[in-house]
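Enquirer: turn this into a structure:
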Amino acid sequence: METENSQKAFRSTRTALADSGSGSGSVSTEGASDCARSRFLPSRRSATVCSVEMLCDGVYSLELSDRYMAHHAHAGQFANLYLHDTARILPRPLGIASVKGDVVRFIFAVVGEGTRQLSQARIGDSIDVLGPLGNGFSLKKEGRYLLVGGGLGVPPLVRAAQEIRQLEGALSTAVFGYRAEHFADNIVGEFSDSTLSIDESEGNVINLLNKWVEDAESTGPGVRAAMDDVEILSCGPHPMMMAVAQWAKERGLRAQLSLEARMGCGFGTCVACVTPTRDGLKKVCIDGPVFTVEQLGW
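Expert: Presented below is the predicted three-dimensional model:
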């Protein structure tokens, strides 16, 4: 039975935690990596809802004003969002999709009561947040990146495209697979140099990757040398990422994979999200969610 708390999932905005960061949303991959390596855990605080938009049936964009997260969020990291519903005490971990000024964007699907409540938040409501959390993608200048995402694995790759766009000499191609509606093409297109997408009626992301190679080979000689600079960043369903890892391995390409897992706490305490690696069991939330193919042994 629905409780009074679940009927009013969000309360009036409280004063957000003061922060010394600029909130510019500018890329600082070195600082973000240092923060992750130090295992620094920012405090839980209140963030204000700026917008809620339905992108397609069951998929929503949620924007929150949070200066600290906007200043420190790195591509591949996530945040815990807490409901003001005492019947649901565990947070919802959502990948950070983009940053603009002090505003952080999340993209999620309604899969249960918790995400349903998030989708019904209103502008001016407050949501408690904890983040950014986890280790994100490792990016470098003058790289060429294939951002391979499936379904609701695309949000961290949108943020990756945003960061790559600010790296001098770096280029990105978004390669997205959808079940049906292509809900993130316009969003990632604001940042990526090119976008390829496909839905289940047409094929899958491996089909798109093969087409990308064919198009590259048709441009002339020197393709192998150009491929040496290519790195894959991927997030999505486990079978898809296994296939992407194999595709990359066959072509001698580097690949970083952002794993999806059921998380309890989101910062390594509950040990609910372990995954096997070559170095034993690792926690997806704090040792990842981003791992290399070599670390996973795929």
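Enquirer: skip the chain neighbours and tell me the closest residue to Glu294.
Expert: The shortest distance from Glu294 to any non-neighbouring residue, by Cβ to Cβ, 6 or more residues apart in numbering, is to Arg278 (7.3 Å). Every C-beta, even on glycine, is put in place using the N, C-alpha and C of the backbone.
Enquirer: count of neighbours near Ser65?
Expert: 18 (other Cβ atoms under 10 Å).
Enquirer: and what of Arg179?
Expert: Arg179 has 13 neighbouring residues, counting by other Cβ under 10 Å.
Enquirer: over to His74?
Expert: When neighbours are counted by other Cβ under 10 Å, His74 registers 28.
Enquirer: kindly report the same for the one 5 residues further on.
Expert: Around Ala79 sit 26 other residues, with neighbours defined as other Cβ under 10 Å.
Enquirer: from memory it sits against Phe106, does it?
Expert: Yes. When contacts are counted by Cβ atoms under 8 Å, Ala79 is listed as touching Phe106 (7.4 Å).
Enquirer: any shared contact partners between the two?
Expert: Contact with both Ala79 and Phe106 is made by residues Leu94, Ile96, according to Cβ atoms under 8 Å, 6 or more residues apart in numbering.
Enquirer: SS state for Phe106?
Expert: At Phe106, secondary structure determined by DSSP: H, G, I helix; E, B strand; the rest coil is strand.
Enquirer: oh sorry, the question was meant for Trp247
Expert: Per three-state DSSP, the secondary structure class of Trp247 is helix.
Enquirer: residue contacts, it?
Expert: Neighbour list for Trp247: Ile206, Leu209 [criterion: Cβ under 8 Å, 6+ apart].
Enquirer: so how far is Val148 from it?
Expert: As defined by Cβ to Cβ, to the nearest Å, Trp247 lies at a distance of 9 Å from Val148.
Enquirer: name the residues contacting each of those two.
Expert: Between them, Trp247 and Val148 share these contacting residues under Cβ under 8 Å, 6+ apart: Leu209.
Enquirer: for Gly264, see how far away the most centrally placed residue in the chain is.
Expert: The geometric centre of the chain, computed from its C-alpha atoms, lies nearest to Pro156 (Cα atoms, centre = their mean), at 1.9 Å. Taking Cβ to Cβ as the measure, Pro156 and Gly264 are separated by 20 Å.
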